[in-house]
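Participant: Output the structure for:
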Amino acid sequence: MIRINLVAERKTEKVRRPLLNFESGNEALGNVLMGAVLVMALLFSGYKFVSMNSTLANLDVSIADANHEKDRLKDILAKGEAFKAQRELLKRKVELITELKKNQAVPVHLLDQISRNLPEFLWLDKISERGNGISLTGQATTYNAVSNLYNNLDASDYFADVVLGTTQQAKQGVTFSMTCRFIPLRDQQAAAAAVGNDDHGAPETGSQDT
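Facilitator: Below you'll find the predicted structure:
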């Protein structure tokens, strides 16, 4: 005889039923959560966009300030370089005169006249004398400075026969050589006296009444 336990089958069916039903209400909750996530992502993206724009604007201002400061410092540096070059020039002039006076290789009066005619941004490395012939070698920051020295010596009463030698481009400026003839003061006085004697000794000319 076969017996069927219907009570056990019913209990088994009850256990197999799902505890939660994800249909309808749970699906709506999922959509709400997804929408909230999207809104938060959009808000975060907007915040980052605004923050980056603000950072870029600050960087633009900083770059503009830096460029302005660079231009200001550029002018200051240029003036500083010019002052440095002029100071170096004066220093070399003093050193040259001091050294030559110490050695007594060249008369003091000659050194004084050369120093008076030295233009800015030019300095001498060597002065040699043979009789009244003078040889100069030195350096300058520009070719114009060399030209100014030539013109100064040529216009001076103490120098004659000024000849510009070799002028070459150097690492910093130019190098040059120059020769001239020094006319001491005693020679000028002697020449002036000779001219005066010639004037006094010349016979007077004039018409005489007959």
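Participant: Please, where are all the helices along this structure?
Facilitator: With DSSP state H as the criterion, the chain has helices at 6-16, 25-103, 108-117, 143-155, 185-201.
Participant: mind putting those helices in a markdown table, mean neighbour count and mean pLDDT included?
Facilitator: For glycine as for every other residue, the C-beta is placed from the backbone atoms N, C-alpha and C. Shown next, in a markdown table, are those (neighbours: other C-beta atoms under 10 Å; pLDDT from 0 to 100):
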| stretch | mean neighbour count | mean pLDDT |
| --- | --- | --- |
| helix 6-16 | 9 | 53 |
| helix 25-103 | 11 | 79 |
| helix 108-117 | 16 | 88 |
| helix 143-155 | 17 | 96 |
| helix 185-201 | 10 | 60 |
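Participant: I'd like those helices as TSV, with distance to Gly165 appended.
Facilitator: Output for the helices of the chain, formatted as TSV (distance: least, C-beta to C-beta, whole Å):
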stretch	distance to Gly165
helix 6-16	117
helix 25-103	19
helix 108-117	16
helix 143-155	10
helix 185-201	24
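Participant: To Thr175, which of those lies closest?
Facilitator: Across those, Thr175 has its closest neighbour in helix 143-155 (9.2 Å, C-beta to C-beta).
Participant: Quick one: neighbours of Ala160, just the number.
Facilitator: Ala160: 13 surrounding residues under other C-beta atoms under 10 Å.
Participant: Does it touch Ile134 like I think?
Facilitator: No: if you go by C-beta atoms under 8 Å, Ala160 and Ile134 don't touch, sitting 10.4 Å apart.
Participant: Distance check, the most centrally placed residue in the chain against Ala85.
Facilitator: Taking C-alpha atoms, centre = their mean, the centroid of the chain lies closest to Ala78, which sits 5.6 Å from it. Noted for Ala78: a distance of 11 Å to Ala85, by C-beta to C-beta, to the nearest Å.
Participant: Much appreciated, bye for now.
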